[in-house]
Every structure is written in structure tokens, then in C-alpha cells.
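Undergrad: give me coordinates for this.
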Amino acid sequence: MIDGEVIAIDVNALDWNERRLPDSGKPMYGKRIFQDTDTDMSVGMIRYPAGTINPHHTHPCGHGFYVLQGTLVTHQGQYGPGSFVWFPEGGHMTHGASAEGDVVALFVTNKSFQIDYVDTPAKGS
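TA: Residues are numbered from 1 along each chain as shown. Next up, the predicted model:
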């Protein structure tokens with residue numbers, strides 16, 4: 001016997017929500033697809049326009065990107081379509097799109113999402 005109802009969502013019908021990055025004011029976009037009410041685990045999509053990098057930050061949740069289009073640029077490397085990149089809870093990071101084009105990725109968190117930007121010293125300090 002199979003229990004439970006299947007949840008199906010037409011992601012194409014969801015609007016992209018814009019958020020501005022604190023250092024540059026550049027936009028990035030997201031779509032919340034699903035959130036588990038018991039664990040706050042979530043699934044969404046994220047889109048960084050070409051050359052947009054989310055500055056130095058940390059999260060109290062683990063999260064991952066499954067790259068669908070473009071190149072995800074991180075503090076530890078670059079990853080193209082078909083790559084899954086996981087960032088552990090509490091790690092310090094940067095990530096975004098290469099200058100060659102937008103990056104679009106499926107975005108997954110293991111619990112409630114939060115982002116905390118980390119001040120970094122100015123160059124030459």
C-alpha cells in the first residue's frame with residue numbers, strides 16, 4: 001500500500017522574486033517551490049545574472065545548488081550544468097554567476113534558511 005499525496009508544482013507558473021545584494025545593489029532572483037512544515041527544509045530555484053556574486057556570507061543551514069544552466073562560481077571553484085554543490089552549515093562562502101552568463105540552479109536547504117553577511121576588511125587594510 002502506498003500512503004500520502006503527491007505534491008506537484010508548475011514551477012514555470014511561479015514568479016521570480018527579486019532581492020538586492022548588500023554590497024553592490026545588484027539583483028538576484030529566487031522562487032520558493034516547496035517547504036516542509038515539519039523540518040523547514042526547502043526547495044527553490046535561484047538565478048544570478050551574469051557576473052553577479054553574492055558577497056562573503058554564512059548560513060546556519062546546509063544548502064546545495066544543482067546547476068541547471070550557466071556556471072556557478074564559488075570561493076572554491078566553478079561548476080557547470082549537472083553539478084551538485086553542497087555548502088555545510090556555518091561555512092563562510094561566496095557564490096554567484098560567471099561573467100559569461102546567468103546561472104540558474106535548483107536550491108535546497110536542510111532546514112530554515114537564513115543568510116548572514118560577513119564584513120570583510122577593505123583591500124589594503
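
Undergrad: what residues sit buried inside the strand ranked longest in the chain?
TA: Longest strand in the chain by number of residues, with DSSP state E as the criterion: strand 27-35. Along strand 27-35, these residues count as buried under the neighbour rule (16 or more other CB atoms under 10 Å): Met28, Tyr29, Gly30, Lys31, Ile33. (C-beta placed from N, C-alpha, C; glycine too.)

Undergrad: pull the residues that contact that strand.
TA: If you take CB atoms under 8 Å, 6 or more residues apart in numbering as the criterion, strand 27-35 is touched by 7, 9, 11, 14-21, 41-49, 52, 54, 96, 107.

Undergrad: just the closest of the buried residues of strand 27-35 to Ile2, please.
TA: Ile33 (22.8 Å; CB to CB).

Undergrad: quick one: low-confidence parts of the protein?
TA: The model of the chain has pLDDT under 70 over residues 1, 120-125.

Undergrad: are any of the contacts of strand 27-35 buried, and which?
TA: Neighbour-count burial within these applies to 21, 41-48, 52, 54, 96, 107; the criterion is 16+ other CB under 10 Å.

Undergrad: before we move on, back to that, closest to Pro60 among the buried residues of strand 27-35?
TA: After measuring the buried residues of strand 27-35 against Pro60 - CB to CB - the closest member comes out as Gly30, at 18.1 Å.
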